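[1] Prediction below, plus the sequence it came from.
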Amino acid sequence: MSTKEKILEKASELFAQYGYQETSIRRIAKEAKANSAMISYYFGSKKALYESVLSTNMDEFLESVSRIKAKDEKEFLKKFIKIHIGVLKKRGKYISYLMLKESATNFEQVKSLKDKYFDPLANIITKVFKTGIEKKIFKPYNEQIMLQLLIGINVMLALKNPQNNIEELSNIAFDVFMHGICA
């Protein structure tokens, strides 16, 4: 593992455990067994390092979601869920936890990531919900609430069930989201 990768790994772990404000460059460098000057060299600043941690795999994720081809809104959601859970498992628990934390604070630390990744993703998914509501595929709930529920289900399943594969988790997530938990 390269020094840069070690820094990103330890930074994600420390930011998740202690938050942005309480995590120092010095501590990240110590945990990564790197010189703190290397953090400046690779990332420029603590904020840029934090943004790098959070943006891991996001270009690939946004591109994959943008390219989903589906015959209807249900199929789109099934494909989205599989891609999302795959990215969550790939990114690891610390980065996913940080994303939840940032979304809960409306991305106050990283507005640029909200604009670049999260707003476009939210627009794609809420448009699918809106169209599905118009076609009577989905119940007429608020699209933002539906998005939050969908993301929450995916995140919890991916993070709390590392032993399960992506296919199995995405099938469970889709079923729970579409049908609830009643028999």
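    Nice, thanks for sending it over. Residues are numbered from 1 along each chain as shown.
[2] mind saving the C-alpha coords of the helix or strand where Asp119 lies as PDB?
    Under the criterion of DSSP states H and E, Asp119 resides in helix 119-134. Written as PDB, here are the backbone C-alpha positions of helix 119-134 (Å, rounded to 0.1, in the frame of the first residue of the first chain):
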ATOM      1  CA  ASP A 119     -27.400  16.800  -5.800                       C
ATOM      2  CA  PRO A 120     -27.100  15.100  -9.200                       C
ATOM      3  CA  LEU A 121     -27.700  11.600  -7.700                       C
ATOM      4  CA  ALA A 122     -30.600  12.900  -5.700                       C
ATOM      5  CA  ASN A 123     -32.100  14.500  -8.800                       C
ATOM      6  CA  ILE A 124     -31.800  11.300 -10.800                       C
ATOM      7  CA  ILE A 125     -33.500   9.200  -8.000                       C
ATOM      8  CA  THR A 126     -36.200  11.700  -7.100                       C
ATOM      9  CA  LYS A 127     -37.100  12.000 -10.800                       C
ATOM     10  CA  VAL A 128     -37.500   8.200 -10.900                       C
ATOM     11  CA  PHE A 129     -39.800   8.400  -7.800                       C
ATOM     12  CA  LYS A 130     -41.800  11.300  -9.300                       C
ATOM     13  CA  THR A 131     -42.300   9.400 -12.600                       C
ATOM     14  CA  GLY A 132     -43.200   6.200 -10.700                       C
ATOM     15  CA  ILE A 133     -45.800   8.100  -8.600                       C
ATOM     16  CA  GLU A 134     -47.300   9.600 -11.700                       C
END
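[3] In contact with Glu134, which residues are there?
    Residues counted as contacts of Glu134 (C-beta atoms under 8 Å, 6 or more residues apart in numbering): none. Using the backbone N, CA and C atoms, a C-beta is placed for each residue, glycine as well.
[4] Give me the pLDDT for it.
    The per-residue pLDDT reported for Glu134 equals 97.
[5] List the contacts of the lowest-mean-pLDDT helix or strand in the chain.
    Within the chain, no helix or strand scores below helix 93-104, which has a mean of 78 by mean pLDDT, DSSP states H and E. For helix 93-104, contacts defined as C-beta under 8 Å, 6+ apart pick out 12-13, 15-17, 19, 53-54, 56, 88, 108-110, 113, 118, 151, 155, 158-159.
[6] Using PDB, list the CA coordinates for that helix.
    C-alpha atoms of helix 93-104 as PDB (Å, rounded to 0.1, in the frame of the first residue of the first chain):
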ATOM      1  CA  LYS A  93     -17.600   1.400   6.700                       C
ATOM      2  CA  TYR A  94     -15.700   4.500   7.700                       C
ATOM      3  CA  ILE A  95     -16.300   6.400   4.500                       C
ATOM      4  CA  SER A  96     -19.900   5.300   4.400                       C
ATOM      5  CA  TYR A  97     -20.400   6.500   8.000                       C
ATOM      6  CA  LEU A  98     -18.800   9.900   7.100                       C
ATOM      7  CA  MET A  99     -21.200  10.300   4.200                       C
ATOM      8  CA  LEU A 100     -24.200   9.700   6.500                       C
ATOM      9  CA  LYS A 101     -22.800  12.200   9.000                       C
ATOM     10  CA  GLU A 102     -22.200  14.800   6.300                       C
ATOM     11  CA  SER A 103     -25.700  14.300   4.800                       C
ATOM     12  CA  ALA A 104     -27.200  14.700   8.200                       C
END
